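A.B. asks: sequence and computational prediction follow.
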Amino acid sequence: MKLLFVITSSDKSAKGGHFRSCLTIAKAMRRGGAKVKILNIGLVSSPVFSQDFVEVEFININVFNGTIKFFNILREIILTKKETRVLAFDFFAFFIVRIGCLLSKNPFGYFRCGGPNLDYFPVSKWIFCFSKESYTFFTNRFSKSVVYLYPNRIEKRCTFSNGELRAIVKNDFPIVLRIGRLVSNYYPINLASLKLSRLLNEMRILHNMVFIGYPDDFDSIEFARFKEECDSMPNVWLLTEIQHTENAAYFLNEASLVIGTGRGAMEAIVENRVVAVFSDSHELPVLVESSEVFEHSLNFNFSLRNRIAFVNEDTNLKNIVELFNNRIYPVKVGDFLQSRRKQLDIDEVIDDYLRAFEDMSYDSEFNFYDLYKHFSKMFFPKLLLLR
């Protein structure tokens, strides 16, 4: 089987979770016997794809060279062998994919990697969802589409930190680790993490609060304020250097508690870490210590749309404090999370993915009106931002 994954670098960092999901799935499919290639288009080649296991090609496309490069990418798709399944990881890429495959007659579809449900999504016969939130939406919206749900997109790590964080904090107190981008839409979870650290300080519970992430703009007012707040607390560290951010999951093994969103939460669970997640109904991160909290968070992709209103705030704080005061409790929570690891591990669904890809066929139905909406609502506005 041959697979071509197409993904867009729409900003100059190109390190988002969907790049890591793309590579994880590509590597897993190759281990399963498929021939896989990633076509990375956009402003920059994603540093996530700096490896040798899966073939990666980069084509620069931006608002200035868009017309010429559009046809270069189109040519790349059209020249793929007819049995190749072509799948996009974003809707800018999917516009070019669907044009190319309408000409080449290759089977094609897209991954819905996450994010809120929008008023418009392009029609596709084949859709792969990472969350139940997306799966439910697409099965209701597109009755003629074949929609799959595979939350599994994490692979077990082989290498870990050898005390690098411990050398930075220079003490033996538990490390609370928050990994994530330091951008405006993630500030609610970052500020909730800081609030938890302040509460623990007030309760005289010794700990280190470590943030690993990078801002879109180091000169932004929001980042300056956040950095100032971190700097005002002696037990808070803000690590934005590339040696920390380019492979942040490397440091998971040093954490007693990980405050996670999206892939970060999933990676921590697969690596047997205790995890707390965001809930917009709570002022503090919510500890994942029950089936109800896990399943609810998984359904919403461990995202900032998560709302765990059924968990009492006082009980949640009590559970978090127990992590630091009771040696048995974190073991109990960790054992529970390990029982759910199979729901996140990519190796558990390699055969399922391969069967789904095998079942894909060329969709000859042409919807000009939907193609126009796709161009005007998703492709062209994004192209104007590629500068």
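C.D. replies: Cool, the structure landed. Numbering: from 1, shown residues only.
A.B. asks: how about the strands in the stretch 201-350 of the chain?
C.D. replies: 208-212, 236-239, 257-260, 275-277, 286-287 (DSSP state E, counting those that start in this stretch).
A.B. asks: which other residues reach the last one?
C.D. replies: To tie it back to what came earlier, the one meant is strand 286-287. 274-279, 293, 308, 311, 316, 319-320, 323, 333 (Cβ atoms under 8 Å, 6 or more residues apart in numbering). All C-beta atoms are positioned from the backbone trio N, CA, C, and that covers glycine.
A.B. asks: adding pLDDT, write these out as a markdown table.
C.D. replies: Shown next, in a markdown table, are the contacts of strand 286-287 (pLDDT from 0 to 100):
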| residue | pLDDT |
| --- | --- |
| Val274 | 98 |
| Val275 | 98 |
| Ala276 | 98 |
| Val277 | 98 |
| Phe278 | 97 |
| Ser279 | 97 |
| Val293 | 98 |
| Ile308 | 97 |
| Val311 | 97 |
| Asn316 | 98 |
| Asn319 | 97 |
| Ile320 | 98 |
| Leu323 | 97 |
| Val333 | 97 |
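A.B. asks: from those, which ones fall inside helices?
C.D. replies: 293, 316, 319-320, 323, 333 (DSSP state H).
A.B. asks: which two in these are spaced the farthest apart?
C.D. replies: Val293 and Leu323 (14.6 Å; Cβ to Cβ).
A.B. asks: which SS class is Val147?
C.D. replies: Of the three states, Val147 takes strand under DSSP: H, G, I helix; E, B strand; the rest coil.
A.B. asks: which residues are in contact with it?
C.D. replies: 127-129, 135, 138-139.
A.B. asks: Thr240 touches Asp216, doesn't it?
C.D. replies: No. Counting by Cβ atoms under 8 Å, Thr240 does not reach Asp216; the two are 11.6 Å apart.
A.B. asks: re earlier: pipe the contacts of Val147 into TSV and attach pLDDT and neighbour count per row.
C.D. replies: Formatted as TSV, these follow (pLDDT from 0 to 100; neighbours: other Cβ atoms under 10 Å):
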residue	pLDDT	neighbour count
Ile127	98	24
Phe128	98	24
Cys129	97	23
Tyr135	97	20
Phe138	97	20
Thr139	97	15
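A.B. asks: any idea which of the residues you listed is closest to Val146?
C.D. replies: For these, the nearest to Val146 is Ile127 (7.3 Å; Cβ to Cβ).
A.B. asks: for that closest one, name its beta-bridge partners.
C.D. replies: For Ile127, the beta-bridge partners are Tyr110, Val147 (DSSP bridges).
A.B. asks: ok, now how distant is it from Asp363?
C.D. replies: Distance from Ile127 to Asp363, counting by Cβ to Cβ, to the nearest Å: 11 Å.
A.B. asks: got it, and Phe53?
C.D. replies: Phe53 is 30 Å from Asp363, by Cβ to Cβ.
A.B. asks: for the two, indicate the residue with more neighbours.
C.D. replies: Asp363 (21 against 11; other Cβ atoms under 10 Å).
A.B. asks: helix, strand, or coil at the more buried one?
C.D. replies: Taking three-state DSSP, the label given to Asp363 is coil.
A.B. asks: wait, doesn't it sit right on Pro107?
C.D. replies: Yes. Between Asp363 and Pro107 there is a contact under Cβ under 8 Å: 7.5 Å.
A.B. asks: so what pLDDT did the residue lying closest to Asn208 once chain neighbours are set aside get?
C.D. replies: Nearest non-adjacent residue to Asn208, counting by Cβ to Cβ, 6 or more residues apart in numbering: Val169, 4.4 Å away. Note for Val169: predicted pLDDT of 97.
A.B. asks: how about Val169, what does it touch?
C.D. replies: By Cβ under 8 Å, 6+ apart, the neighbours of Val169 are 175, 208, 210, 235, 237.
A.B. asks: can you list the strands of the stretch 201-350 of the chain in JSON lines and add distance to Phe58 and mean neighbour count?
C.D. replies: Converted to JSON lines, those look like this (distance: least, Cβ to Cβ, whole Å; neighbours: other Cβ atoms under 10 Å):
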{"stretch": "strand 208-212", "distance to Phe58": "26", "mean neighbour count": "24"}
{"stretch": "strand 236-239", "distance to Phe58": "28", "mean neighbour count": "20"}
{"stretch": "strand 257-260", "distance to Phe58": "30", "mean neighbour count": "27"}
{"stretch": "strand 275-277", "distance to Phe58": "34", "mean neighbour count": "29"}
{"stretch": "strand 286-287", "distance to Phe58": "39", "mean neighbour count": "26"}
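A.B. asks: many thanks, I have nothing further to ask.
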